[in-house]
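1. Below are the sequence and a predicted model; questions follow.
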Number of protein chains: 2
Amino acid sequence: MQTRLVEYFLALEREGHFARAAAQCHVSQPTLSAGIATLEAQLGKRLIRRDRKYGGLTPEGEAILPWARQLVAAAEALGQAAETARGPLKGELRLGAIPAAMPAIGCLATAMLARYPGLNISVRALTSRQIERELAAFELDAGLTYLDFEPPAHALSVPLYAERAMLVSAADGVPIPVVIDWADLASLPLCLLHQGMQNRRILDARLAERGLALRPLVTADSYVALLGLVQQGRLCSIIPDSHAALLDGLRWARTAPLPDMGEGSRVGVIVSDSAPMGPLAQAVLAVARELRLPPGFKTI
Amino acid sequence: MQTRLVEYFLALEREGHFARAAAQCHVSQPTLSAGIATLEAQLGKRLIRRDRKYGGLTPEGEAILPWARQLVAAAEALGQAAETARGPLKGELRLGAIPAAMPAIGCLATAMLARYPGLNISVRALTSRQIERELAAFELDAGLTYLDFEPPAHALSVPLYAERAMLVSAADGVPIPVVIDWADLASLPLCLLHQGMQNRRILDARLAERGLALRPLVTADSYVALLGLVQQGRLCSIIPDSHAALLDGLRWARTAPLPDMGEGSRVGVIVSDSAPMGPLAQAVLAVARELRLPPGFKTI
DNA sequence: TTCCTTGATAGCTTCGCTCTATAAAGCCTA
DNA sequence: TAGGCTTTATAGAGCGAAGCTATCAAGGAA
């Protein structure tokens, strides 16, 4: 079983296109085409539906997909382990983080770099579900996401901080009460994240427990967009306190804590718990365990 | 990364001998020798210590060993998954069982054969620790062992039955009381398993809770040996009720239940919980869940 | 010393992956 | 409906890697 051929298969599945997949693998299109053919011959099954065009995976192809991913992940981990056996970690660490946790990724990434100078780090903003999926598909080495709400399966985690929500408004904009009651929120002109995003779902769930529902006038998919809206003065928003820490020096913004929501939502590092654990995952967990976040993050 | 070369590496580690490892891989000795050399070149590390003789793994070799195993396991699982995608399971199912659970393996194995006619099954008697180690090393597909006492790590399990101990003696041999008290055991001439075996450790632990200790006159490593000793009439022994069921038709044997030890020790099927789960492991778990053991096994 | 065991080397063959070039089959547009 | 574009498969050559047999070199044992 050649790992190379399986990589072709995975690339083709990702790209849905022979020529692009070939480019991604740095081989010519006929090479990839032939590679898929030999893989199919070796396994004795058709994996790709194709009649003059890529037509998706056959059921057999779908069935072997998780194992194909595991195979190339194991091959990569083997190489990593060999490189790591002596000397420092090298290569690329692929991190995924939910938008709400982005301010904390700075601490984590710099701590990793300080500890392992040979490392390159790639950070991507993803939804919690994408993080979970890509971890399972070995396309991500570690994730930074919520640990308790809709907890990811098959993952090991290290909690980093507890997130709490803040109300934010422009200093000369919508006036906000000093002490906020839950009921106040429903009457404020709000802009919030889309309902598809987990931070929003958590907020909605907390309010639903109290029989309340938010009707935001605007929804967006990033906190930057929300802050831009808030800055105009007509709306206020609810953001994680981790982001509020970034606003500290801004004159135009005013923040007020929301009423206590109990523990807050724990945010932490997760890695896939497939055994054995890769050297990158081990390193991230070790660093996360020792990580001291700056004030502004509520430690757990 | 060639799976073949990694298989050479693992075979060499198992055999500790180039020529034997080559034979196990069905290649010539120079081929395996060259294969190891290319693997070392590709990984950029010496993996094997050798000066005119095999001298064990280098630290780097030890470090990559788990990932090497995972790589070939993933390759095998990929092939299995492809074969299984349509049609029945094929290939060899490698089962390990503690001696005490051997009578139950008959049910499990026949149920697997009935459900998946294409399957070959290989059963080996192992200690619970060996089962755990070989599951982790992907050298075993499933195990039959104790679930609660010294529970194996990184394993998914399906309980099958609760084991209870029986006192056994020859009909014309050592007289045994009809109702047995714990204290009686200490005064009987006993033959038991070695202390290294888990069944014995469980028994010792149960007695230790009551301040008692057994002083067997003979220890052995198999129940057959114990029964042979018991048959001579000078000794009696303590065996799992699963084995007592096998004695049912024997005229020379007499059995008596031990006083209630509470729940008994749960025995069940375990598989490695590395994600994704291989088709063989899935099948074993599914069959185990539906398995109806014959009377004589105390269901949980 | 002599023999045996054990692993490495040499030389050759074969197999299979890779490439470029090109064909075939749909699809879109004119 | 013809022409051009896109997309995948095929052909044939080149080359490298992995396999084999035969043989060598170095220790250890008799």
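-> Okay, I see it. Residues are numbered from 1 along each chain as shown, chains lettered A, B, ... in the order given.
2. can you tell me which residues contact the residue in the stretch 201-300 of chain A that DNA strand D sits nearest to?
-> Nearest residue of the stretch 201-300 of chain A to DNA strand D, counting by Cβ to the nearest atom of the strand: A:G278, 23.8 Å away. All C-beta atoms are positioned from the backbone trio N, CA, C, and that covers glycine. Neighbouring residues of A:G278 by Cβ atoms under 8 Å, 6 or more residues apart in numbering or on different chains: A:A73, A:E76, A:A77, A:Q80, A:A81, A:D141, B:W67.
3. can you give me phi and psi for it?
-> phi -70, psi 160 (degrees, to the nearest 10).
4. what does the one 4 residues further on give?
-> Here the main-chain torsion angles of A:Q282 (degrees, to the nearest 10) amount to phi -60, psi -40.
5. Could you check how far it is from A:P88?
-> 13 Å (Cβ to Cβ, to the nearest Å).
6. Can you confirm whether the helix or strand containing A:V267 lies near chain B?
-> If you go by DSSP states H and E, A:V267 is part of strand A:265-272. Yes: Strand A:265-272 lies within reach of chain B by Cβ under 8 Å from any Cβ of the partner chain, at A:S272.
7. Put the alpha carbons of that strand into CSV.
-> Extracted C-alpha coordinates of strand A:265-272, given in CSV (Å, rounded to 0.1, in the frame of the first residue of the first chain):
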residue,chain,number,x,y,z
SER,A,265,-18.1,28.9,28.9
ARG,A,266,-14.8,27.1,29.2
VAL,A,267,-12.5,27.6,26.3
GLY,A,268,-9.5,25.4,25.8
VAL,A,269,-7.2,23.5,23.5
ILE,A,270,-8.4,20.2,22.0
VAL,A,271,-6.5,17.6,20.0
SER,A,272,-7.7,14.4,18.5
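8. So what's the gap between stretch A:51-65 and the chain middle?
-> Distance, stretch centre to chain centre, for stretch A:51-65: 28 Å (Cα atoms, centre = their mean, to the nearest Å).
9. Next: stretch A:243-253.
-> 24 Å.
10. CA atoms only for that stretch, dumped as CSV, please.
-> C-alpha atoms of stretch A:243-253 as CSV (Å, rounded to 0.1, in the frame of the first residue of the first chain):
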residue,chain,number,x,y,z
HIS,A,243,-12.2,40.7,22.8
ALA,A,244,-13.2,43.4,25.3
ALA,A,245,-9.6,43.2,26.5
LEU,A,246,-8.4,44.2,23.1
LEU,A,247,-10.6,47.3,23.3
ASP,A,248,-9.0,48.5,26.4
GLY,A,249,-7.3,51.5,25.0
LEU,A,250,-10.1,52.6,22.7
ARG,A,251,-11.7,55.8,23.7
TRP,A,252,-14.9,55.4,21.7
ALA,A,253,-15.9,52.1,23.3
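11. Would you mark the buried spots in it?
-> Using 16 or more other Cβ atoms under 10 Å in any protein chain shown as the test for burial, stretch A:243-253 gives A:H243, A:A244, A:A245, A:L246, A:L247, A:A253.
12. For the spatially closest residue to the first one that is not a sequence neighbour, grab the count of nearby residues.
-> Across the structure, with Cβ to Cβ, 6 or more residues apart in numbering or on different chains as the measure, the residue nearest A:H243 apart from its sequence neighbours is A:Y223 (5.3 Å). Here the number of neighbours of A:Y223 (other Cβ atoms under 10 Å in any protein chain shown) works out to 22.
13. Now do the contacts for A:Y223.
-> A:P99, A:A100, A:M102, A:L193, A:I239, A:P240, A:H243.
14. when you scan the helix or strand containing A:A81, is anything in it near chain B?
-> Using DSSP H and E, the element containing A:A81 is helix A:59-85. Yes: residues of helix A:59-85 contacting chain B under Cβ under 8 Å from any Cβ: A:59-60, A:63-64, A:66-68, A:70-71, A:73-75, A:77-79, A:81-85.
15. So among those, which ones count as buried?
-> A:60, A:63-64, A:66-68, A:70-71, A:73-75, A:77-79, A:81-85.
16. Distance of the residue of the stretch 201-300 of chain A closest to DNA strand D relative to A:E163?
-> Distance from A:G278 to A:E163, by Cβ to Cβ: 28 Å.
17. Could you list which of the buried residues of stretch A:243-253 belong to helices?
-> A:H243, A:A244, A:A245, A:L246 (DSSP state H).
18. Contact partners for the third one?
-> Pointing back at A:A245 there. A:P103, A:P294, A:G296, A:F297.
19. and of those residues, the nearest to DNA strand C?
-> Of these, the one sitting nearest to DNA strand C (Cβ to the nearest atom of the strand) turns out to be A:P103, at 43.0 Å.
20. Just give me the neighbour total for that closest one.
-> Neighbour tally, A:P103, other Cβ under 10 Å: 21.
21. Enumerate the residues of the stretch 1-150 of chain A near DNA strand D.
-> A:17-19, A:29-30, A:33-34, A:36-37, A:50, A:52-54 (Cβ under 7 Å from any atom of the strand).
22. Would you show me how to pick out the buried ones of those in PyMOL?
-> This is the PyMOL syntax for the buried subset of those, where burial follows 16+ other Cβ under 10 Å:
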select buried, chain A and resi 18+33+36+54
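23. Do a quick rundown of the strands in chain A.
-> Listed in chain order, the strands of chain A (DSSP state E) span A:48-50, A:54-57, A:91-97, A:119-125, A:142-146, A:155-163, A:165-170, A:190-193, A:218-220, A:236-240, A:253-257, A:265-272.
24. returning to that earlier point: okay, the buried residues of stretch A:243-253 in a markdown table with pLDDT and distance to DNA strand C next?
-> Output for the buried residues of stretch A:243-253, formatted as a markdown table (pLDDT from 0 to 100; distance: Cβ to the nearest atom of the strand, whole Å):
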| residue | pLDDT | distance to DNA strand C |
| --- | --- | --- |
| A:H243 | 81 | 45 |
| A:A244 | 74 | 50 |
| A:A245 | 70 | 49 |
| A:L246 | 72 | 46 |
| A:L247 | 72 | 49 |
| A:A253 | 84 | 49 |
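25. Go through these and name the one nearest A:P151.
-> Of all those, A:H243 has the smallest distance to A:P151: 22.8 Å, by Cβ to Cβ.
26. right, and that closest one touches A:A101 too?
-> No: using Cβ atoms under 8 Å, A:H243 is not in contact with A:A101; the gap is 9.9 Å.
27. List the residues that contact A:R4.
-> Contacts of A:R4 (Cβ under 8 Å, 6+ apart): A:G35.
28. mind checking how far it is from DNA strand D?
-> Applying Cβ to the nearest atom of the strand, to the nearest Å, the value for A:R4 to DNA strand D is 11 Å.
29. Any regions of chain A where pLDDT drops low?
-> Where chain A drops to pLDDT under 70, the residues are A:86-87, A:248-249, A:260-264, A:275.
30. Residue numbers of it in contact with DNA strand C?
-> So chain A meets DNA strand C at A:2, A:4-5, A:26-28, A:30-31, A:34-35, A:38, A:51-53 (Cβ under 7 Å from any atom of the strand).
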